[in-house]
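In: could you look at this predicted model? Sequence included:
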Amino acid sequence: MISRRHLLQGSAAVGFGAYSGVARAQGKGPGRITLAMFGEPPTLQMAINTAAAVQIISSKIHSGLLTYDGDFSKPKPNLAESWEVAPDGKTITFHLRQGVTWHDGKPFTSEDVKFTIENVIKRYHSRGRITFANLASVETPDANTAVFHLNQPAPYIMVALHSSETPIVPKHIYENGDILGNPANNAPIGTGPYKFKEWKRGAYVLLERNQNYFRKDEPLLEQIVFTNISDAGARSVALESGELDIGAPWPVPLADMQRFETVKNVSITTEGFTPFGPMSFFEFNLKQPMFQDPKVRKAIAHCIDRVRIVDTIYCGYGRPATGPINSKMPGGFYSDAVTQYKYDLKAAERLLDEAGVKRGAGGIRFSFTLEPAPWAPHLPQMAEYVAQSLSRVGIKVEVRLQDAATWIKRAFTTREAQAVVYATFNMMDPTLGVQRQYVTSTIGVIFGNGSGYSNPRIDELFAKAQTENDAAERVKIFAEIQKILTDDVPNIPLSEERYATIYNKRVKNLTTPLLGVYDDFGVVGVSS
């Protein structure tokens, strides 16, 4: 008989095998938990790299100015104990917590905040360039005060200051030399609840409790181990056997999720991913002649059964999308007062006929190539479903598979792809995650406006929302944006993806924070 442990070590190869050696040597005490990494992180510094694996690890080492628990509209103190936003929205004053030290013992001051935002986040963070685009400068009148001076109001800044989005880094470590090449990127020094201990590449990252953390009753754990198990089958075995404590965001194949709902020692939650709002889309390349008539795009929208996609491809871990904004986005920006395209092949046939796209030889109206993003198995599955459905109305679709680098180039840079299926993040505010998909200025930008859609009214509305300081007015602006976009159909929102975390029941308070596995884990503990 082959035990689960042997099967696991064979499947996971060096990653979990190396971690197991650490666990045996140190003892797998009650104060340690293990999380699965789905591949090797490129760095451990989220300020310069926003890959998911980096975010999950970095958020435990670093702290943000604010944190959030239940509602992004009501931030809570973290490195900043209090703050004031000027009535015109152009000045934000943060009063910093005193007595905080970096993991190397140096004091944390407002100079660290200024250096991080101006010299690191604005320059190297992929979303920080948008978040802080209107930031003119950070003033430091004293060691405990940081004042953000803005050229225009930027209310979305206040939802982007947690540790997994805007981590504060130590000026004294980064001020000299190349920031991107700094050794601390691979051995981070932060102010967070956990200190970096060891990174054995290809195997694990080990963090230890910060004894001098500014929240005196936190953290609750002694160690966190992020172990590299790239094989989904091995993760399934490890979670079921208890060798792994936590796996996210989709730790096992979607087809296995329902089975895990009956495993006694684990729980499943879809909470904790609110900051990202993942959604999938079918996107047209609007420079292609066959997609330039809106009636053709609307006909294709009628051919896609979003309920079936969620039920069969996502195995229920999703919600049919109604528009470009995720219904879970905080701030009340989601609107269902939009044009919706129910699954209706007869309506599709009628629109195609009205557009003058008649059936020809073999009943074919036209053909195109559909290119799904390659980083998740459900995306090619959705492309195959779309191809099958469109064939019923006389549209022939060939699905093209390729590596990630080639796909990104064809979808966004050279825009050679005729149509794509992919998933992207809405983020915490439409300015941060939705705007990039539709404004003219982001045509040709990676994960920007791949459709090539250009509507002056949409550009105007997004620009207005970017500087509008009144929350109710921003809700109205985004409602109009959603109505226009669903009328124009530059892309077809398919599903709101529901990421899931599988975790051992001995883990406590994992679902308490709004951020889930992206939180700092200060309150996460284990039962005895």
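Out: Received, thanks.

In: give me the domain ranges for the protein.
Out: What automatic domain parsing lists as the domains of the chain is 4-61+193-272+500-526, 67-170, 278-497.

In: mean pLDDT added to those, as TSV?
Out: Formatted as TSV, the domains of the chain follow (pLDDT from 0 to 100):
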stretch	mean pLDDT
domain 4-61+193-272+500-526	84
domain 67-170	94
domain 278-497	96
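
In: and residue 135, what are its bridge partners?
Out: Judged by DSSP bridges, the bridge partners of residue 135 are residue 150.

In: so how many other residues sit close to residue 490?
Out: For residue 490, the neighbour count with other C-beta atoms under 10 Å is 25. C-beta here means a position set from N, CA and C on the backbone, and glycine is covered the same way.

In: and if you look at the one 10 residues further on?
Out: Number of residues near residue 500 (other C-beta under 10 Å) recorded here: 23.

In: what residues are up against it?
Out: Shown in contact with residue 500 (C-beta atoms under 8 Å, 6 or more residues apart in numbering): 248, 249, 250, 251, 257, 268, 269, 270, 317.

In: of those residues, which is the most crowded?
Out: Going by other C-beta under 10 Å, residue 251 tops the contacts of residue 500 with 26 neighbours.

In: thinking again about what came up before, I'd like the domains of the chain as CSV, with distance to residue 187 appended.
Out: Formatted as CSV, these follow (distance: least, C-beta to C-beta, whole Å):
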stretch, distance to residue 187
domain 4-61+193-272+500-526, 5
domain 67-170, 10
domain 278-497, 28
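
In: the closest residue to residue 130 other than its chain neighbours sits in which helix or strand?
Out: Leaving aside its sequence neighbours, residue 130 sits nearest to residue 432 (C-beta to C-beta, 6 or more residues apart in numbering; 6.2 Å). Here residue 432 is covered by helix 430-433, with elements defined by DSSP states H and E.

In: return the set of buried residues in the helix or strand following that helix.
Out: In the C-terminal direction, the helix or strand that comes right after helix 430-433 (DSSP H and E) is helix 456-467. Taking 16 or more other C-beta atoms under 10 Å as the basis for neighbour counts, the residues of helix 456-467 that come out buried are 458, 461, 462, 463, 465, 466, 467.

In: got the CA positions of the helix or strand just after helix 456-467 in CSV?
Out: Note on helix 456-467: by DSSP H and E, the next helix or strand toward the C-terminus is helix 471-488. Provided in CSV are the C-alpha atoms of helix 471-488 (Å, rounded to 0.1, in the frame of the first residue of the first chain):
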residue,chain,number,x,y,z
ALA,A,471,-19.1,59.5,-3.5
ALA,A,472,-22.7,59.6,-4.6
GLU,A,473,-21.8,61.4,-7.8
ARG,A,474,-19.2,58.8,-8.6
VAL,A,475,-21.8,56.1,-8.3
LYS,A,476,-24.0,58.0,-10.8
ILE,A,477,-21.0,58.3,-13.2
PHE,A,478,-20.2,54.6,-13.1
ALA,A,479,-23.9,53.7,-13.6
GLU,A,480,-23.9,55.7,-16.8
ILE,A,481,-20.6,54.1,-17.9
GLN,A,482,-22.0,50.6,-17.3
LYS,A,483,-25.1,51.4,-19.4
ILE,A,484,-23.1,52.7,-22.3
LEU,A,485,-20.7,49.8,-22.3
THR,A,486,-23.4,47.2,-22.2
ASP,A,487,-25.1,49.0,-25.1
ASP,A,488,-21.9,49.2,-27.2
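
In: what comes into contact with helix 471-488?
Out: 155, 294, 322-325, 331-335, 337-340, 430, 438, 453, 455, 457-458, 461-462, 464-465, 468.

In: quick one, which of those are buried?
Out: 155, 322-325, 331, 333-335, 338-339, 430, 438, 453, 455, 458, 461-462, 465, 468.

In: I'd like the distance between residue 372 and residue 126.
Out: Residue 372 is 23 Å from residue 126, where distance means C-beta to C-beta, to the nearest Å.

In: same check on residue 189?
Out: Distance from residue 189 to residue 126, by C-beta to C-beta: 22 Å.

In: the two: which is more packed in?
Out: residue 189 (19 against 12).

In: where exactly do the helices run in the stretch 151-300 of the chain?
Out: 171-174, 232-241, 254-260, 294-302 (DSSP state H, counting those that start in this stretch).

In: save those as a markdown table, and put in distance to residue 445 too.
Out: As requested, the helices of the stretch 151-300 of the chain are exported to a markdown table (distance: least, C-beta to C-beta, whole Å):
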| stretch | distance to residue 445 |
| --- | --- |
| helix 171-174 | 27 |
| helix 232-241 | 31 |
| helix 254-260 | 30 |
| helix 294-302 | 22 |
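
In: give me phi/psi at the residue nearest to residue 499 when sequence neighbours are not counted?
Out: Spatial nearest neighbour of residue 499, excluding adjacent residues (C-beta to C-beta, 6+ apart): residue 249 at 3.5 Å. Dihedral pair for residue 249: phi -90, psi -30, per degrees, to the nearest 10.

In: the stretch 1-150 of the chain: helices as residue ranges?
Out: So, for the stretch 1-150 of the chain - with DSSP H, counting those that start in this stretch - the helices run 4-12, 14-26, 52-61, 110-115, 122-124, 128-131.

In: turn the contacts of residue 500 into TSV, including distance to residue 497.
Out: Formatted as TSV, the contacts of residue 500 follow (distance: C-beta to C-beta, whole Å):
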residue	distance to residue 497
248	13
249	9
250	9
251	14
257	13
268	15
269	15
270	10
317	7
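
In: go through these and name the one nearest residue 348.
Out: Within the contacts of residue 500, the smallest distance to residue 348 is 27.5 Å, found for residue 317 (C-beta to C-beta).

In: report the contact partners of the closest one.
Out: 250, 254, 257, 270, 497, 498, 499, 500 are the contacts of residue 317 under C-beta under 8 Å, 6+ apart.

In: cool, and residue 526?
Out: With contact set as C-beta under 8 Å, 6+ apart, residue 526 has these partners: 30, 31, 32, 33, 220, 221, 245, 506, 507, 508.

In: please name the bridge partners of the last one.
Out: When bridges are assigned using DSSP bridges, the partners listed for residue 508 are residue 525.

In: let the chain start at 57 from now.
Out: All set: I'll call the first residue 57, so the last point we hit is now residue 564.

In: correct me if wrong: it contacts residue 577.
Out: No. Counting by C-beta atoms under 8 Å, residue 564 does not reach residue 577; the two are 11.2 Å apart.

In: so which of those two has more stuff around it?
Out: Comparing residue 564 with residue 577 by other C-beta under 10 Å, the one with more neighbours is residue 577, at 28 against 14.

In: can you tell me how far the residue nearest to the more buried one when sequence neighbours are not counted is from residue 220?
Out: Using C-beta to C-beta, 6+ apart and skipping residues adjacent in sequence, the residue nearest residue 577 is residue 116, 5.3 Å away. Distance, residue 116 to residue 220, by C-beta to C-beta: 9 Å.

In: and these two? Which one has more around it.
Out: Shown here are residue 116 and residue 220; by other C-beta under 10 Å, residue 116 has more neighbours (31 against 25).

In: so how far is residue 441 from that one?
Out: Applying C-beta to C-beta to residue 116 and residue 441 gives a distance of 38 Å.

In: residues touching the residue nearest to residue 577, list them.
Out: Counting by C-beta under 8 Å, 6+ apart, residue 116 makes contact with 219, 248, 249, 250, 263, 280, 576, 577.

In: so what's the second one up against?
Out: With contacts taken as C-beta under 8 Å, 6+ apart, residue 248 has the following neighbours: 115, 116, 117, 118, 119, 219, 266, 269, 576.

In: looking at those residues, which one is closest to residue 369?
Out: Nearest to residue 369 out of the contacts of residue 248 is residue 115 (C-beta to C-beta; 30.0 Å).

In: now the closest residue to that closest one other than its chain neighbours: how far from residue 289?
Out: Leaving out its chain neighbours, the residue that sits closest to residue 115 by C-beta to C-beta, 6+ apart is residue 220, at 3.7 Å. Going from residue 220 to residue 289 by C-beta to C-beta gives 28 Å.
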